[in-house]
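Q: here is my input, please return the structure:
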Amino acid sequence: MLFGIIINKGYVCTRIQISQMRAIIKTITAPLAIIILVATSSCRKDPTVKPTTTSGIRKSIDYNSLTPTTPYKNLFLDNAGDTVVDLSNGNTRYRMFQALNYYLGAAVRDSKTLDSILMKNLFSNTGSPFTDIPSLKITGAGLNASGLQLRDLVASSMPSEAETARKRIEGLFGEMARLSAFFADTAKKGKPGKIGTYLADAKGIEVAQIIQKSLIGALQLDYMGNVLLNTGLDADNQTIVAGKKYTQLEQNWDEAYGFLTLNPVYLLGSTDAVRGTPESFLGSYIWEYNKGEYAKIYPAFLKGRAAIANNDIAEAKSQAAFIRTAMEKAIASAAVGYLNKWKSGSTDAARIHAMGEGLGFIYSLRYCKLNGASASFSDGLLNDLVNSTDGYWDLTSGKINDAVTAISTKFNL
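A: Numbering: from 1, shown residues only. This next block holds a predicted model:
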């Protein structure tokens, strides 16, 4: 029995050592503690034996217990059985993004001239700008009182460049406000107005799409991928945040999930042909443009969160790396996909819309840090495509093909 204890503790002894210990036990009448001390001192520690406990503050979670349909909050509990998951920060900012995007659409949807000041206020949550939007289940008062905003997260992984990126978005709000005054006119070369169901400026650029897709990269991808699921994984996982039930590391991971989706299980029931849950922004484009990996995103979020509960930081970082890579691939694939839709579009309305989305995603490539993209790479593509007198109206298949090749090569698509 003694030897079973010794071996189970991770010690491996030779036959000679075991024989010697048997002799000691037979010939020496000593306390059990001394016998164990002598026995263990003559054995070597087996490096292959792994500890059965973690140094975390939560009960261990068996990774094999996770399923693709396990609701996100169900497994992550404190000793009282209460969930320690709080998605409110991520979900609140998600709804703020929805509200801003909804207002941008009012120019076409409601034939309305937009207010650039209101857009800036929605961006920075200034002056109680949010109102109820029943169709999106948005309660304005809750957003206004949240103390959160979108502006301060834009390009937050790049402090020296962040303010420039934020002012760029605000400049686009001004362009959108000016453009919205032409909702009753027809867009054509050199003239802003409505074309199909879209609103384009004099260069044929759909500004609303530039804003939305730029924020998918500068806001969602950068904050989730480059902050929360990157540097944010070095946060404290041993101390409960004052007044809360979670550690800062747990909250960082949960905020990332809450900013990706409002659903308890992301893309539950989805197939390649049918998106199973309502999703917007990056969460929607992952499904649309990363068919090979969208079904693995939720299991990665779940396993990474379980790893944090287990204080298995290496596993959490591994799952985060997968999620970040999949998100970057979706953005690059979307950029290429919309460029190709310009080539296949049968009307100027369809091609202008495709280019608006494509140009916004190309801007967002600068936040794809795992693939080595940069502002110079992104800006170079944008300049080659539309930095001409007439922008969209000057596009050629050659310009499109060059951009597609450059992005596909950089991202190994």
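Q: and the gap between Leu122 and Met355?
A: 26 Å (C-beta to C-beta, to the nearest Å). To be clear about C-beta, it is placed using only N, CA and C from the backbone, and glycine gets the same treatment.
Q: what's next to the helix or strand hosting Glu250, contact-wise?
A: Element membership of Glu250 [criterion: DSSP states H and E] is helix 248-260. Counting contacts by C-beta atoms under 8 Å, 6 or more residues apart in numbering, the residues outside helix 248-260 that touch it are 72, 76, 84-91, 93-94, 220, 223-224, 228-229, 232-233, 235-237, 239, 241, 244, 246, 266, 282-283, 301, 304-305, 308-309, 316.
Q: out of the residues you listed, name the ones that lie in helices.
A: Among those, DSSP state H puts 88-91, 93-94, 282-283, 301, 304-305, 308-309, 316 in helices.
Q: is it true that Pro299 touches Leu66?
A: Yes - Pro299 is in contact with Leu66 according to C-beta atoms under 8 Å; the separation is 6.9 Å.
Q: kindly provide the distance from the closest residue to Leu359 other than its chain neighbours to Ile57.
A: Closest residue in space to Leu359, ignoring its immediate chain neighbours: Ile210 at 6.0 Å, by C-beta to C-beta, 6 or more residues apart in numbering. Shown here: Ile210 relative to Ile57, a distance of 45 Å by C-beta to C-beta.
Q: need the contact list for Asp78.
A: Residues touching Asp78, when contacts are defined by C-beta under 8 Å, 6+ apart, comprise 58, 84, 245.
Q: how about 10 Å then?
A: 57-59, 84, 240, 245-246 (C-beta atoms under 10 Å, 6 or more residues apart in numbering).
Q: quick check, nearest of those to Thr347?
A: Tyr246 (50.9 Å; C-beta to C-beta).
Q: so Ile210 and Ile57 - more neighbours on which side?
A: Neighbour count, other C-beta atoms under 10 Å: between Ile210 and Ile57, Ile210 has more, with 24 against 16.
Q: now Leu122: which helix or strand?
A: helix 116-124.
Q: could I get the CA-only coordinates of that helix as CSV?
A: Below are the C-alpha coordinates for helix 116-124, written out as CSV (Å, rounded to 0.1, in the frame of the first residue of the first chain):
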residue,chain,number,x,y,z
SER,A,116,-23.9,65.1,-37.7
ILE,A,117,-24.0,66.3,-34.1
LEU,A,118,-26.5,63.6,-33.2
MET,A,119,-24.3,61.0,-34.9
LYS,A,120,-21.3,62.3,-32.9
ASN,A,121,-23.3,62.1,-29.7
LEU,A,122,-24.4,58.6,-30.4
PHE,A,123,-20.8,57.8,-31.0
SER,A,124,-19.6,59.3,-27.6
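Q: return the list of helices and strands in contact with the next helix or strand after it.
A: In the C-terminal direction, the helix or strand that comes right after helix 116-124 (DSSP H and E) is helix 140-144. For helix 140-144, the packing partners by 3 or more C-beta pairs under 10 Å, 6 or more residues apart in numbering; DSSP states H and E come out as helix 88-104.
Q: which strands or helices does the helix it packs on pack on?
A: In this structure, helix 88-104 packs against helix 116-124, helix 140-144, helix 159-180, helix 207-215, helix 248-260, with contacts taken as 3+ C-beta pairs under 10 Å, 6+ apart.
Q: among these, which is nearest Val404?
A: Between Val404 and these, the shortest separation by C-beta to C-beta is 16.8 Å, and it involves helix 207-215.
Q: buried stuff in stretch 141-159?
A: By neighbour count on 16 or more other C-beta atoms under 10 Å, the buried set for stretch 141-159 is 143-144, 146, 148-151, 153-158.
Q: next one: stretch 375-388
A: Judged by neighbour count (16+ other C-beta under 10 Å), stretch 375-388 contains these buried residues: 375, 377-378, 381, 385-386.
Q: want to throw those residues into JSON lines with pLDDT?
A: Below are those laid out as JSON lines (pLDDT from 0 to 100):
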{"residue": "Ala375", "pLDDT": "95"}
{"residue": "Phe377", "pLDDT": "97"}
{"residue": "Ser378", "pLDDT": "97"}
{"residue": "Leu381", "pLDDT": "98"}
{"residue": "Leu385", "pLDDT": "97"}
{"residue": "Val386", "pLDDT": "97"}
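Q: for stretch 214-228, what is the average pLDDT?
A: Averaging pLDDT along stretch 214-228 yields 98.
Q: for stretch 336-350, same thing?
A: On average, stretch 336-350 scores 96.
Q: what's the pLDDT at Lys73?
A: 89.
Q: I'd assumed Tyr246 was in contact with it.
A: No - counting by C-beta atoms under 10 Å, Tyr246 is not a contact partner of Lys73; they are 11.5 Å apart.
Q: can you list residues touching both of these two?
A: 83-86, 254.
Q: in three-state terms, label Thr69 for me.
A: coil (DSSP: H, G, I helix; E, B strand; the rest coil).
Q: so what's the nearest residue to it once chain neighbours are set aside up against?
A: Counting by C-beta to C-beta, 6+ apart, the nearest residue to Thr69 once its immediate chain neighbours are dropped is Val265, at 6.0 Å. Shown in contact with Val265 (C-beta under 10 Å, 6+ apart): 67-72, 276-277, 298, 301-302.
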